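K.L.:
structure of the sequence below:
(2 chains)
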Protein chains: 2
Amino acid sequence: MVIELINTGAELLLGRILNTHQQWICRQLSDIGYSVSRQVTVDDSASSIEASVAESLGRADLVITTGGLGPTCDDRTRERVAALLGRRLVHREEVMDQIRGYFARFGRPMPDRTKVEALVPEGALILPNAHGTAPGLAISANPRPGQPGRSAWLVLLPGPPRELRPMFIDSVIPLLHREFPLAEPHFSRTWRTSGIGESFLEERLEKPLQPYLEKGLDLGFCARVGEVEVRLAASGADGLAKISEAATVIEAEVGDSIFGEGDELLEMALVQRMDALGKTVAVAESCTGGHIANRLTNVPGASAVLLAGYVTYSNAAKVRMLGVREESLREHGAVSEVVAREMAEGARRDSGADFALAITGIAGPSGATATKPVGTVFMALAGPKGTTVKHYLNALDRETFKFLSAQQAMMMLWRELRPM
Amino acid sequence: MVIELINTGAELLLGRILNTHQQWICRQLSDIGYSVSRQVTVDDSASSIEASVAESLGRADLVITTGGLGPTCDDRTRERVAALLGRRLVHREEVMDQIRGYFARFGRPMPDRTKVEALVPEGALILPNAHGTAPGLAISANPRPGQPGRSAWLVLLPGPPRELRPMFIDSVIPLLHREFPLAEPHFSRTWRTSGIGESFLEERLEKPLQPYLEKGLDLGFCARVGEVEVRLAASGADGLAKISEAATVIEAEVGDSIFGEGDELLEMALVQRMDALGKTVAVAESCTGGHIANRLTNVPGASAVLLAGYVTYSNAAKVRMLGVREESLREHGAVSEVVAREMAEGARRDSGADFALAITGIAGPSGATATKPVGTVFMALAGPKGTTVKHYLNALDRETFKFLSAQQAMMMLWRELRPM
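P.N.:
Modelled structure (predicted):
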């Protein structure tokens, strides 16, 4: 089954707004075993919309469009699609009722031009809009223009994400299951790893997974800064079993680098694991400047786990807030194994947390010395079993340096908490 | 001039990652007077890449691809484009040198398969990669496949944003100016505002700018969380003069809400202004959990400005680190005007900074009380002239709450520092 996605809107091609529909819709579909073959963004002119829909209908069984259903003059999708399919636009009173109800609910007058949203190509299904006025539309293009004998569905969705998303889940997914039931069940599973490069991961996994790949298991990698995703997918009645067997291989080969599955971020894994173990943490950050604390506190429930964060950019703050010794700073410099250790131990002592992470380094672009280039970073984990320090060279732009260094420090704690 | 953008990668169509290239590249181009007619995402199979590049070359003068230049088996762009254009792939020793240098800089071994990145279609220009191993490539497809007599440029860029972005600015924009000079000059200027809604901004500016709009000046707004962008654009020899005159109107009407121009973030504006004034700041964060400190320290030079950050999620940390009084917490609760004030004053006292910002609130999803719903937030600014406290209700998801609350607090400091 071929699915194509068309995002319309001049503002997308001018770079004024970020296209979040692509990821969201693609992810929803791939999670349930469907996949999008092609996504295209065109402007909202009549000719671009008509041409791109015609082109996609020539290839796809399902074409989804976003945008262009509103009441203004640059909302042309409804009208262009009706013209393309040779359907009349008819006024649907039940849509008008919903629109009137929406304005009534907010006690606002209904602008006259909103009426255009009740015009619907003949024979279209209405996808109710719980968070706005323009309904979505689903049209069975049977016969397809130019291809008699093959039928396709065309689904038109409104542009605003808070209207589109519930509509997709409530109306489009059921339509998909009804009109395009999967021939066989589909399964997938994704692991998130850190501390191991994509090429090395592939080298470690390719050979032991070979027998499964030959039996139709799909293996994919996706590298981001500080992490690599490993994904298995399989179709068929035995798909789940195939994935489970291969999972054992993955766990055995690279388990010590895995911190989570699916959408789980390292900070989520950490907060949940610490919460489950009843452990607490404090963070002392010099070069990462609050980045770790910020990520941990993005996770609901962080307050049970994070006792305190110390952002100690200056030497004075390191001494005053964390008890770092003046002579350590003088003899070894702020970016040193000794100071990283004292920062972690000081944060643990002051906060009373079970663990403390500390980072000190040179984020750049300035601050390098003869022996310590930009990207030099020391990180320490203090805990009940003592303190360990690691040293990396993350010669990257400033924000990437912060993210990666934080990821490495958080992995120190994650490995400590991981059951053996 | 027709420009098309092709984003390749199965992970984009699976919804594993967000396509940020589209917005970023489209924005870069529209800022200098070029526009993208069509953007398409295809998977990284050989046939999809070859078909989409051939299709785009049939329509466009410039085709830009992203992704598929890495060393793994699903990186096929280089090879497919060479095949499509009938060019041999040749080993370029200067590229190999750069790749070796990259690994040497990190003291890491070079995986053998990285060598494939030094294979380049014959006649291609190398776009150096300052932040990774695979270079970008620019190829003059002259004659175009299937269209003798018309020439086009094909630009292949690596997928990771931190590699693509500097490469685009350093190599692609100069190529564009050289190969596709504009018929008339194009100018644009963008202001960033915070603390004023899009409709109000539009109401305040539309009438006074009317005379300029009638003379061909283009006015646009773009709203994001916590800020609204105002953009002016004009073409022609007098474009810059038109914009300068209109700028005076904008400054006069809404100057007190403007914190920067172009890509300038509020944290950049703050760090630069404080540095210029020789002023320092400390931040005490409860509900934002290090978000402000993290944003400030993303800015090079923050170390001259930010003396200390206190992440005081727990009541104990507020008392111990900031000297908040036990009875204030007991009588008013941690989320209160009194505690926000004591946090800011404590941070200012402990750090010795000129100013201190403090935030305390309920990020949610839990933590609400009968009188304090999720989204309640108090923020205080302590400075030489005393302490002011503001109260907002930011009933949003957790991360948006943190961003917006931080933005509001930082605007308090920005307005304080703004020259009258």
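
K.L.:
quick check: residues of the stretch 151-300 of chain A near chain B?
P.N.:
Applying Cβ under 8 Å from any Cβ of the partner chain, we find that the stretch 151-300 of chain A lies next to chain B at A:190, A:197-200, A:202-203, A:220-225, A:229, A:231, A:283, A:285, A:287-294, A:296-298, A:300. In this view, the C-beta of every residue, glycine as well, is placed from N, C-alpha and C.

K.L.:
measure the closest residue to A:T133 other than its chain neighbours to A:V116 for me?
P.N.:
Distances taken as Cβ to Cβ, 6 or more residues apart in numbering or on different chains put A:I99 closest to A:T133, at 4.8 Å, once the chain neighbours are dropped. Going from A:I99 to A:V116 by Cβ to Cβ, to the nearest Å gives 10 Å.

K.L.:
swap in A:A10?
P.N.:
In this view, A:A10 and A:V116 are 19 Å apart by Cβ to Cβ.

K.L.:
same question, A:A356
P.N.:
61 Å.

K.L.:
how many residues are close by the residue nearest to A:T133?
P.N.:
20 (other Cβ atoms under 10 Å in any protein chain shown).

K.L.:
then A:I169?
P.N.:
Using other Cβ under 10 Å, the number of residues around A:I169 comes to 11.

K.L.:
who touches the residue nearest to it when sequence neighbours are not counted in this structure?
P.N.:
Spatially, and ignoring its direct neighbours in sequence, A:I169 is nearest to A:Q28 (7.4 Å; Cβ to Cβ, 6+ apart). Contacts here follow Cβ atoms under 8 Å, 6 or more residues apart in numbering or on different chains; on that basis A:Q28 touches A:F168, A:I169, A:I173, B:G15.

K.L.:
pick the one among these closest to B:Y212.
P.N.:
Distances from B:Y212 to those, taken as Cβ to Cβ, are shortest for A:F168 (41.8 Å).

K.L.:
can you read off the pLDDT for the closest one?
P.N.:
Note on A:F168: pLDDT of 97.

K.L.:
ok, A:T66 - contacts?
P.N.:
Counting by Cβ under 8 Å, 6+ apart, A:T66 has contacts A:L5, A:I6, A:N7, A:T8, A:H21, A:I25, A:L157, A:P158, A:G159, A:L164.

K.L.:
how near is the spatially most central residue of chain A to B:G289?
P.N.:
The centroid of chain A falls nearest to A:D263 when counting by Cα atoms, centre = their mean (6.7 Å). As defined by Cβ to Cβ, A:D263 lies at a distance of 20 Å from B:G289.

K.L.:
swap in A:S336?
P.N.:
Computed with Cβ to Cβ, the distance linking A:S336 and B:G289 is 28 Å.

K.L.:
so those two - more neighbours on which side?
P.N.:
Between A:S336 and B:G289, counted using other Cβ under 10 Å, B:G289 has the larger neighbour count: 28 against 19.

K.L.:
quick check: closest non-adjacent residue to that one.
P.N.:
Nearest one to B:G289, counting by Cβ to Cβ, 6+ apart, is A:T297 at 2.6 Å.

K.L.:
report the contact partners of the one you found.
P.N.:
A:S303, A:L306, B:C287, B:T288, B:G289, B:G290, B:H291, B:V311, B:Y313, B:A363, B:K402.

K.L.:
so which of the residues of the stretch 151-300 of chain A next to chain B sit within strands?
P.N.:
The strands, defined by DSSP state E, take in A:T190, A:G220, A:F221, A:C222, A:A223, A:R224, A:E229, A:R231, A:V283, A:E285 from these.

K.L.:
I'd say the last one and A:A363 touch.
P.N.:
Just to be clear, that refers to A:E285. No: between A:E285 and A:A363 there is no contact under Cβ atoms under 8 Å: 11.0 Å.

K.L.:
pick out whichever of those two has more residues nearby.
P.N.:
Shown here are A:E285 and A:A363; by other Cβ under 10 Å, A:E285 has more neighbours (33 against 29).

K.L.:
so what's that one bridging to?
P.N.:
A:V311, A:I359 (DSSP bridges).

K.L.:
distance check, it against B:F200.
P.N.:
As defined by Cβ to Cβ, A:E285 lies at a distance of 38 Å from B:F200.

K.L.:
A:G136 too?
P.N.:
According to Cβ to Cβ, A:G136 and B:F200 sit 31 Å apart.

K.L.:
which one of the two has more residues nearby?
P.N.:
A count of neighbours by other Cβ under 10 Å puts A:G136 above the other of A:G136 and B:F200, at 25 against 12.

K.L.:
confidence score at the more buried one?
P.N.:
Value for A:G136, per-residue pLDDT: 97.

K.L.:
check contacts around it.
P.N.:
When contacts are counted by Cβ under 8 Å, 6+ apart, A:G136 touches A:69, A:126-129, A:155-158, A:164, A:167, A:171-172.

K.L.:
one more time with 7 Å
P.N.:
A:L127, A:N129, A:V155, A:L156, A:L157, A:P158, A:M167, A:S171 (Cβ atoms under 7 Å, 6 or more residues apart in numbering or on different chains).

K.L.:
that one pairs with what?
P.N.:
A:L127.

K.L.:
helix or strand with the lowest mean pLDDT in chain A?
P.N.:
Scoring the helices and strands of chain A by mean pLDDT, DSSP states H and E places strand A:218-224 at the bottom, with a mean of 86.

K.L.:
show me where pLDDT drops low in the stretch 1-150 of chain A?
P.N.:
Counting by pLDDT under 70, the stretch 1-150 of chain A shows low-confidence ranges at A:143-150.

K.L.:
interface residues of it facing chain B?
P.N.:
Contact residues (Cβ under 7 Å from any Cβ of the partner chain) of the stretch 1-150 of chain A with chain B: A:13-20, A:22-24, A:26-27, A:30, A:35-36, A:38-42.

K.L.:
what about the residue in the stretch 51-200 of chain A that chain B sits nearest to, neighbour count?
P.N.:
When scored by Cβ to the nearest Cβ, the stretch 51-200 of chain A has A:S199 as its residue closest to chain B, at 4.2 Å. Look at A:S199: counted by other Cβ under 10 Å, it has 19 neighbours.

K.L.:
so it makes contact with B:P71?
P.N.:
Yes: under the criterion of Cβ atoms under 7 Å, A:S199 makes contact with B:P71 at 6.3 Å.

K.L.:
secondary structure element for the residue in chain A sticking out farthest from the centre, which one?
P.N.:
In chain A, the greatest distance from the average C-alpha position (Cα atoms, centre = their mean) is reached by A:E327, at 45.3 Å. Using DSSP states H and E, A:E327 maps to helix A:326-332.

K.L.:
do that helix and chain B meet at all?
P.N.:
No: using Cβ under 7 Å from any Cβ, helix A:326-332 never reaches chain B; the gap is at least 14.6 Å.

K.L.:
helices or strands next to that helix in the packing?
P.N.:
helix A:337-351 (3 or more Cβ pairs under 7 Å, 6 or more residues apart in numbering or on different chains; DSSP states H and E).

K.L.:
longest helix of chain A?
P.N.:
The residue-count maximum for a helix in chain A (DSSP state H) belongs to helix A:398-417.

K.L.:
just the buried residues of it, please?
P.N.:
For helix A:398-417, burial by neighbour count (16 or more other Cβ atoms under 10 Å in any protein chain shown) applies to A:398-414, A:417.

K.L.:
and what of stretch A:216-235?
P.N.:
Under the neighbour-count criterion of 16+ other Cβ under 10 Å, stretch A:216-235 has A:217-224, A:226-235 buried.

K.L.:
please save the CA atoms from it in CSV.
P.N.:
Backbone C-alpha positions of stretch A:216-235 (Å, rounded to 0.1, in the frame of the first residue of the first chain) are rendered in CSV as follows:
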residue,chain,number,x,y,z
GLY,A,216,13.0,-11.1,6.8
LEU,A,217,13.8,-9.1,9.9
ASP,A,218,14.5,-5.4,9.2
LEU,A,219,17.4,-3.7,11.0
GLY,A,220,18.0,0.1,11.0
PHE,A,221,20.1,2.6,12.7
CYS,A,222,19.6,6.3,13.3
ALA,A,223,22.5,8.4,14.7
ARG,A,224,22.0,11.6,16.6
VAL,A,225,24.5,13.6,18.7
GLY,A,226,25.3,11.4,21.8
GLU,A,227,23.1,8.5,20.8
VAL,A,228,22.2,5.9,18.2
GLU,A,229,18.9,4.3,17.7
VAL,A,230,18.6,0.6,16.7
ARG,A,231,15.3,-0.5,15.2
LEU,A,232,13.9,-3.9,14.4
ALA,A,233,10.8,-4.4,12.4
ALA,A,234,9.0,-7.5,11.1
SER,A,235,5.7,-8.5,9.6
